[in-house]
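>>> have a look; sequence and predicted model below, questions after that.
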Amino acid sequence: MYNKLLILGGAATLVVCMPASAQVARHPAVADYGAIAPMAQVANRPAATDDMRALFEITGEARGPNGVNRSLDRVARYLNLLASSGVSTKPGDIKVIIHGPATPLILREEAYQKRFNSTNPNTPLIAALKRAGVEIHVCGQATAGQGIAREDIDPAVTLDLSAMTTLVLLQRQGWPLVSD
C-alpha cells in the first residue's frame, strides 16, 4: 500500500511540475504566444550565426472579436523557434506589415471596444512583440479605407504609406517575405 501511495504521489508531483517547465520550452522568447514544440535532431535548424531577419505580411482576419490573430501569433512562434535554436535577433530584425481584413487588429483599446464591443485580444500580443524588438507597421491606405483615424492606431504600430510600397521597398533591400 505504501509503495502505491509513493508512486501515486510521485506521478502527481510530475504532472503538476511539468506544465511550468514545458511553458518555458514552448515560449522561450515571447511568453504566452507562439507556442512551439521543442525538437532535437531535425533538418533546417538555423545556426546561431544565420541572418534570420524576416518581413511578415498579415492580411487574414482574427478568429473572431475574442481571438488573437493567427498570423500575428505566427510572428511570436517564429521568434520562439529562433530562440529555441540559439538564434538571437536584434530590434528591427523582424518586421510586420498589416493590411486588408487584418487591419482592425491594430486599433487601440478604446477604438476597438467602440467598433467591436469587446476588448482587443491582439493588444497584449502587439505589446509582447514590441518588447521582443519586432517592428509592426500598418497600411495607411487600408486604415483610410476602413475609416480608422490615426489617433485610433495602437501607439506601438507605425503607419506606413501603403503595404504595397512597404513590401516592395523592403524586398528590394533583401528582406525575405513570409505571407499568411
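That came through, no problem. Residues are numbered from 1 along each chain as shown.
>>> can you tell me the SS state at the closest residue to residue 103 other than its chain neighbours?
Using C-beta to C-beta, 6 or more residues apart in numbering and skipping the chain neighbours, the partner closest in space to residue 103 is residue 142 (4.4 Å). (Glycine included, C-beta is placed from N, CA and C.) Residue 142 falls in the helix class when you classify it by DSSP: H, G, I helix; E, B strand; the rest coil.
>>> with residue 55 instead?
Here residue 55 is strand, with the state taken from three-state DSSP.
>>> before we move on, what about residue 90?
Residue 90 carries the three-state label coil when classified by three-state DSSP.
>>> what's it sitting at in phi/psi?
Backbone geometry at residue 90, expressed as degrees, to the nearest 10, gives phi -100, psi 160.
>>> does the residue nearest to residue 103 touch residue 163 like I think?
Yes: using C-beta atoms under 8 Å, residue 142 is in contact with residue 163, at 6.7 Å.
>>> what do these two both touch?
98, 99, 100 (C-beta atoms under 8 Å, 6 or more residues apart in numbering).
>>> what's the burial count for the residue nearest to residue 103?
For residue 142, the count of nearby residues is 22 (other C-beta atoms under 10 Å).
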